[in-house]
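> My questions are about this predicted structure, shown below with the sequence.
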Amino acid sequence: MGMVTAFGPRGRSDFLLTGGIFDDVGLLATDGLTYVWGAGQGVDEQQVTGVVGGATGAGSGEGWVLGSARTGTNHGQAALYRIRVMAGARYDTDLRQTIGVTFEKRKTFMPSEIEAGATAFFNAAGDLSYDPTDDSLIFQLRISNGGTPGNIYTVKWRDGFGIVWKTVVPITSVYPKRSYAPRLQGGRWALLAGNRVIQLDTSSGALVSNEQWPGQINLRGFQIYDSVSDSILLSTISSGIVRIHLNRGGGGGAAVGSIVSDLCDRAGLGLGDVETSELSDVVPGYVIARPSTVRAAIEPLAQAFFFDGVESDDLLKFRKRGRAPVATLDADLLLPLDEATGETWREQRTQEVELPERVNVIHMDPDSDYQQGTQQQKRAALPFPTMSSRHQISVELPMAITASTAKNIAAKALYSAWIERSQHEAHLPSDYLLLEPTDVVDVTLPGGAMLRTRIERMDVGADYSVALRAVSQEAASYTAELVADGGSGQPSQVLPGEPFTRLILPDLPLLRDVDDTAGVGSRVYLMAGGYGPERWPGASVYRSADNAVWDLTGRLGREVAYGATITPLGDPASVFATDEVNELRVFMTTGADRLESVTQEAMLNGANAALLLKANGEPEIIQFREATPLAAGGFVLRGLLRGRRGTDVFASGHQAGETFVLLEPAKIEALTLPLGDLGVSRYWRAVGAGQLFDDAETITRTNTGRDLMPYAVVQPRAALSGGNIVLSWIRRTRLGGELRDGTGAVPLAEAREAYEVDILAGPGGAVLRTLTSTGPTVTYSSADIAADFGAIPTTLSVVICQMSAVIGRGFPRAATLEIA
């Protein structure tokens, strides 16, 4: 199934495009799942193997159908069909035909177009998707090699252009290929078969991902790729409907070795140039906050996890400190450092006051919502100091580590600093050329004492003697298993969900007299809200004439209370009295706490105004006196005032599922549109705070200027006067119509008083004649009656409209009158 959407004068129209298991194609209107088109219609091929919605525009929308052979190892049947649906498409029961739908074959694909020399396809085509970025289609075909399966092609085709690209891929779907495919966004197309997932770049067709999915997936039926979340929705045998997320990290952190390898790769060193097998510690998160060299990016990791790098055997090796000794140096073999003194071993100790009493490690704590944490380790100072230093060192690590890990790093840094306070120098003969920096050696001193040291630098002389520099090392200083308390009471950081916004943009009469523009423009009302109980952050509203260039028109910061009707609202006996018969049941998406009961007097003074917006865009403004919560959720509204602010002409024909909006002045933004925009389709987007502009929904609206339309007249009458029929009515006003003292004329609120009266052939029939007048009465002459009906009819069907100098006809009053 696919959804075809069109926008017309009455708003959005959705149609469900269906394909049968054979060659049948059909179209239903979604507002009531009523038949529109399809009886006897189908594709020329054996089977419909894909349907999808296409381009959405003002006045019409498109859908696409893929036809192919049902099965077969050698066939040449594959074609694309386009269905174009007008916004008002329907099946006319009187004419017994569909109005507003066209269906045509746009392209037949030959095997040789897909692969040079190919003569047939293998099995059915399928996996049809629509790419809105360039109005193109993506689907799959498989070549037949003399009855055996050949290459699988994913093909992109655009009407009027042809094949955009075709890519050989390793898999095709196994189960029915007619599954509904969503429109693609984000430049990716994905497919799963067996345990293999592939992704293509939709602009170039390049295969960007071809991976085995871990775990067993027992695919049973449909699959839908959601490019917004980069995930595939699947129907499986064992787990029902599941969603698998692509291109995600596991959240378990990364090994230090993998981070170092990745950084070296950025510097041009491949995996074969680097050895990181000893760096097995896991880091939950690591940040490179600013442009830097690769060395500068690796140094914080080396500082935290105590490793060094060395070039060895044409490899860049990273080795942990605290390793076992690889050799023992005999003091008798050491070469003199100073010929005059005969000194062979030199030691230099760092002053105690320069060594740390305390080491502080500052880090991001994943157990505290990644807020900054500090752990420390210090040497004993009381009751008896173990050293004379009061020096403190603070180490800032740009990584997410637990409090215990940070404390262990602080302990290792503290004690290793004291142990490594002794630096050594020596000269070795060529016997020790095999040694290299990072190696640990034991040195036997002349007095028999044993000293363990780690080589930091080696320089080879012209005679192959080795100048060595090293520091004392004790392996135990790199071992710590301390447990830390990260603290409590940190404020929780809540990451808000995607701030999706629903923009409600009805075509309304004036909600308040003060909103009148005096005919220089048309007033439009903007309302918006979120989709649930989460706090809605507000939205910016953009408008475009071409869906390409967008202008900011306003910002909405207060969420409107809206929902949907559970039951249809019945027609009122009169719109000029409180409706105590009908009741309205609604379910609120947002703002349920704002529905409350008021007194009759408060309601008559304007309280509890609400909008009922039909699927075709027709509005009825109501007021309600009582709001009673329902046990199953929702509210029942009673004591209704109907057809407020001139919407009495829309007070009948309600259906369940209509949009319900509580009209609160503080939650509504009023804009003025130029008169030139009336009757012209425009694009709108409400972009939630924090939401990407491209992720916001685009809606299309055509403003008809209902705020400028005079209200429909009331109490129409028809009376004989000789051989003529005199029609009369009572005028209403859209501005200043409050009954102040029971006397006085109703304000005109128009440049002049004028009316047009259509004489109809019958209720809802053709217009036979249009009469005009400048007052609330007009004469239908006997000559015109004879020309239209032949004789004076017993009833007369008319449509009366008051005229506006700006907009033309106002709201119509249709009536069938008995002639008195």
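Cool, got the structure. All figures in this text were calculated on a predicted structure; none of them were measured in a lab.
> where's Ile792 relative to Ile725, distance?
Taking CB to CB, to the nearest Å as the measure, Ile792 falls 7 Å from Ile725. Glycine gets a C-beta too; all of them are placed from N, C-alpha and C.
> which neighbours do these two share?
785, 819 (CB atoms under 8 Å, 6 or more residues apart in numbering).
> Have a look at these two and say which one is more surrounded.
The residue with more neighbours, out of Ile792 and Ile725, is Ile725; 24 against 15, by other CB atoms under 10 Å.
> quick one: contacts for Arg769?
Here Arg769 is in contact with 758-759, 784, 788 (CB under 8 Å, 6+ apart).
> Can you name the two of these that sit furthest apart?
Taking CB to CB, the two most distant members of these are Asp758 and Asp784; they sit 12.8 Å apart.
> my guess is Ala304 contacts Pro398, does it?
No: applying CB atoms under 8 Å as the test, Ala304 and Pro398 come out as separate, 9.7 Å apart.
> Which one of the two is surrounded by more residues?
Comparing Ala304 with Pro398 by other CB under 10 Å, the one with more neighbours is Ala304, at 25 against 17.
> any idea how far the more buried one lies from Ile362?
11 Å.
> before we move on, what about Glu559?
Per CB to CB, Glu559 is found 40 Å from Ile362.
> shared neighbours of Ala304 and Ile362, which are they?
Contacts common to Ala304 and Ile362, judged by CB under 8 Å, 6+ apart, are 395, 397.
> How about the contacts made by Val466?
With contact set as CB under 8 Å, 6+ apart, Val466 has these partners: 427-430, 432-433, 435, 458-460.
> err, Glu664, not the other one
Contacts for Glu664 (CB under 8 Å, 6+ apart) come out as 560-561, 594.
> ok, back up a step: and the contacts of Val466, which of them are in helices?
Nothing among those maps onto helices, per DSSP state H.
> For PyMOL, what selects the buried ones among the residues you listed?
Per 16 or more other CB atoms under 10 Å, the buried members of the contacts of Val466 correspond to this PyMOL selection:
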select buried, resi 427+428+432+435+458
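> which pair in the contacts of Val466 spans the largest distance?
Maximum pairwise distance among these (CB to CB): 14.1 Å, between Pro429 and Asp459.
> will you turn the contacts of Glu664 into TSV that also has pLDDT, neighbour count and secondary structure?
Shown next, in TSV, are the contacts of Glu664 (pLDDT from 0 to 100; neighbours: other CB atoms under 10 Å; DSSP: H, G, I helix; E, B strand; the rest coil):
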residue	pLDDT	neighbour count	secondary structure
Val560	94	26	coil
Ala561	93	21	coil
Arg594	92	14	helix
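> Next, name the residue at the spatial heart of the protein.
Geometric centre of the chain, nearest residue: Asp695, 4.6 Å, by CA atoms, centre = their mean.
> Can you give me every residue that contacts the closest residue to Glu580 other than its chain neighbours?
If the residues on either side of it in the chain are set aside, Glu580 comes closest to Gly639, at 6.5 Å by CB to CB, 6 or more residues apart in numbering. Contacts for Gly639 (CB under 8 Å, 6+ apart) come out as 578-580, 600, 603, 624-626.
> Which of those residues has the largest number of neighbours?
Phe624 (26 neighbours).
> Could you look up the SS state of it?
Secondary structure for Phe624, judged by DSSP: H, G, I helix; E, B strand; the rest coil, is strand.
> could you pull out the helices for the stretch 51-200 of the chain?
Along the stretch 51-200 of the chain, the segments classed as helices by DSSP state H, counting those that start in this stretch run 111-114.
> shaky segments in it?
Applying pLDDT under 70 to the stretch 51-200 of the chain flags residues 58, 70-72, 174-183, 185-186.
> before we move on, what about the stretch 351-500 of the chain?
488-499.
> where along it do the helices fall?
With DSSP H, counting those that start in this stretch as the criterion, the stretch 351-500 of the chain has helices spanning 403-419.
> which one's the longest strand in the chain?
Longest strand in the chain, counting residues (DSSP state E): strand 78-92.
> In terms of secondary structure, what does it contact?
For strand 78-92, the packing partners by 3 or more CB pairs under 8 Å, 6 or more residues apart in numbering; DSSP states H and E come out as strand 2-8, strand 11-19, strand 25-29, strand 34-37, strand 60-68, strand 97-108.
> in stretch 535-543, what's buried?
For stretch 535-543, by 16+ other CB under 10 Å, it's 536, 538-543.
> Oops, could you answer that again for stretch 443-450 instead?
Buried positions in stretch 443-450, judged by neighbour count with 16+ other CB under 10 Å: Val443.
> So what would you say the end-to-end distance of that stretch is?
Taking CA to CA, to the nearest Å, stretch 443-450 runs 6 Å from one end to the other.
> So which residues make contact with it?
Residues outside stretch 443-450 that contact it (CB under 8 Å, 6+ apart) are 328-331, 345, 424, 426, 442, 451-453.
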